[in-house]
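Here is my input, please return the structure:
(one chain, ligands or ions: 2)
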Amino acid sequence: MSSGLSSMNIPAYLLEKGIKPSVTRVKIFEYLAAHTLHPTVEEIYKELLEELPTLSKTTVYNTLKLFSEVGVVRTIMIDDNEARFEVAVDSHGHFKCDRCGRIYDLDVIVQLEQPKELEGCIVREQNIYFKGLCKDCSDRDK
Ligand SMILES: [Zn+2]
Ligand SMILES: [Zn+2]
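Ligands and ions are numbered 1, 2, ... in the order given. Got it, this is the predicted structure:
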C-alpha cells in the first residue's frame, strides 16, 4: 500500500471524485485507509459502531458500493463468502491462504494488454488473485 494515505485530505478527495463527504462516508474511508488488511462489511461496521452509533450495516454496504463504483475503493472477491474492501490507491494482486485465511497484497502490476474483445468497453478494474497455502502454513506441514 502506498504512503500518503495518512496525510490525505479525505473530504477534499471524495469531493473531487464527486462524492458528498458526509461524516459517515469520511469515517468509512478513513477506516479503510488506516486498515489495509482488507476488512469485510461486518468488520468495518463493528469497528465504527462505537464512533457512529446510528450506523447500519446497510449504510456501510451502500457506501462501499458507491466508493467502488467511483473507483476510490476496490472490492476484492477472493473470498468465497464475503467481499473485502480496500482503498484503491495502486494496482496490486492478492493471495489468499486457504488455511489461515490471510489475504496478502502482491506487488504485481495489474496491467495486461487489453484484449480486443474489450474494444470500446470501459474497464474499471482488473484483478489478479492467487490462492493456496501461505509460507507460514506450508512451513508448518514440514
Ligand atoms: Zn496461511
Ligand atoms: Zn490489497
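
Go ahead and measure how far whatever helix or strand Thr63 lives in is from the middle of the chain.
Taking DSSP states H and E as the criterion, Thr63 maps to helix 57-70. Relative to the chain's own centre, helix 57-70 is displaced by 11 Å; criterion: C-alpha atoms, centre = their mean, to the nearest Å.

can you pull the buried residues of it?
Thr59, Val60, Thr63, Leu64, Leu66, Phe67, Ser68 (16 or more other C-beta atoms under 10 Å). Every C-beta, even on glycine, is put in place using the N, C-alpha and C of the backbone.

Go ahead and confirm Ala88 touches Val73.
Yes: the criterion here is C-beta atoms under 8 Å, and Ala88 meets it with Val73 at 5.8 Å.

Comparing the two, which residue is more hemmed in?
Val73 (22 against 18; other C-beta atoms under 10 Å).

Check whether the more buried one really touches Arg84, as I assumed.
No: Val73 is beyond contact range of Arg84, at 10.5 Å (criterion: C-beta under 8 Å).

circling back to that earlier point, what's the helix holding Thr63 packed up against?
Helices and strands touching helix 57-70, by 3 or more C-beta pairs under 8 Å, 6 or more residues apart in numbering; DSSP states H and E, are helix 23-34, helix 41-48, strand 73-76, strand 84-87.
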